[in-house]
Every structure is written in structure tokens, then in C-alpha cells.
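*Asks:* Turn this into a model:
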Amino acid sequence: THRDIKREGQDVYITKDIPLSTSLLGGKIDVRTLDGKTVTLKVKPGTSQGSAVRLKGKGFPHLRSGGHGDMYIIFNILMPDKLTSQQKKLIELLKEQGL
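*Replies:* Numbers count the residues shown, from 1 in each chain. Predicted coordinates for the structure are as follows:
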């Protein structure tokens with residue numbers, strides 16, 4: 001879901017929640033653009049909190065000069081509220097390996 005939408009001129013900034021596993025391992029997410037279409041974005045492995053991807057020309061239209069601003073997708077990494085015992089063990093293994 002989109003947590004926050006901001007507009008600056010013709011550019012739009014959208015905060016998109018992604019799971020911790022997607023930020024660590026990479027993956028794909030769907031994002032709805034202003035024209036109602038859905039685009040699939042690749043999330044790079046190691047994506048950090050607050051990093052962004054630009055969708056050129058997917059912002060608001062320029063009234064006088066034509067064209068469109070850009071859409072920026074800002075990633076908000078969701079941390080789990082609770083961990084199972086198996087998840088805790090896996091994270092402890094990662095910790096031991098220096099991650």
C-alpha cells in the first residue's frame with residue numbers, strides 16, 4: 001500500500017512499503033501510476049530504507065510546455081513485529097557470519 005503521496009511541482013513522490021526480505025534479497029513490486037496503470041519495478045538486492053526509483057514522465061503534466069514530471073517511488077522497509085523461533089535462529093546464524 002502507499003503510505004504517503006507528495007507533490008512537488010510536476011513531480012510526485014510515493015512511499016511504498018516493501019518487506020524486509022525484498023529489501024535484502026531483491027524482488028519485484030507492482031506500483032500504480034497516476035494514469036491508473038500498474039508497472040512492475042525491480043527492487044535491487046540490498047535496497048536501503050528511503051532509497052528511491054525514478055519513473056521518468058510518470059508525474060503530473062506540464063501545463064504550458066507539454067510533457068510530464070517524474071514519479072519517485074521511495075522504499076519503506078517493513079520490519080517484522082514478531083519472529084518465530086526458526087526465524088530467530090536464522091537471524092542468529094546471519095549475525096554469526098557478520099551480517
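*Asks:* Tell me who's in contact with the spatially most central residue of the chain.
*Replies:* By C-alpha atoms, centre = their mean, the chain has its centre lying nearest to residue 75, at 3.1 Å. For residue 75, the contacting residues are 15-16, 18, 23, 43, 47-53, by C-beta atoms under 8 Å, 6 or more residues apart in numbering. For glycine as for every other residue, the C-beta is placed from the backbone atoms N, C-alpha and C.
*Asks:* Please work out the average pLDDT along the helix or strand residue 6 falls within.
*Replies:* Residue 6 belongs to strand 2-8 when elements are defined using DSSP states H and E. In this model, strand 2-8 carries a mean pLDDT of 80.
*Asks:* Check stretch 53-70 too.
*Replies:* On average, stretch 53-70 scores 92.
*Asks:* burial count for residue 80?
*Replies:* Neighbour count for residue 80, taken as other C-beta atoms under 10 Å: 11.
*Asks:* Likewise for residue 34?
*Replies:* By other C-beta under 10 Å, the residues close to residue 34 number 16.
*Asks:* circling back: quick one: list the elements packing against the helix or strand just after the strand holding residue 6.
*Replies:* Remark: after strand 2-8, the chain's next helix or strand is strand 11-19, criterion DSSP H and E. If contacts are counted by 3 or more C-beta pairs under 8 Å, 6 or more residues apart in numbering; DSSP states H and E, strand 11-19 sits against strand 2-8, strand 27-32, strand 71-78.
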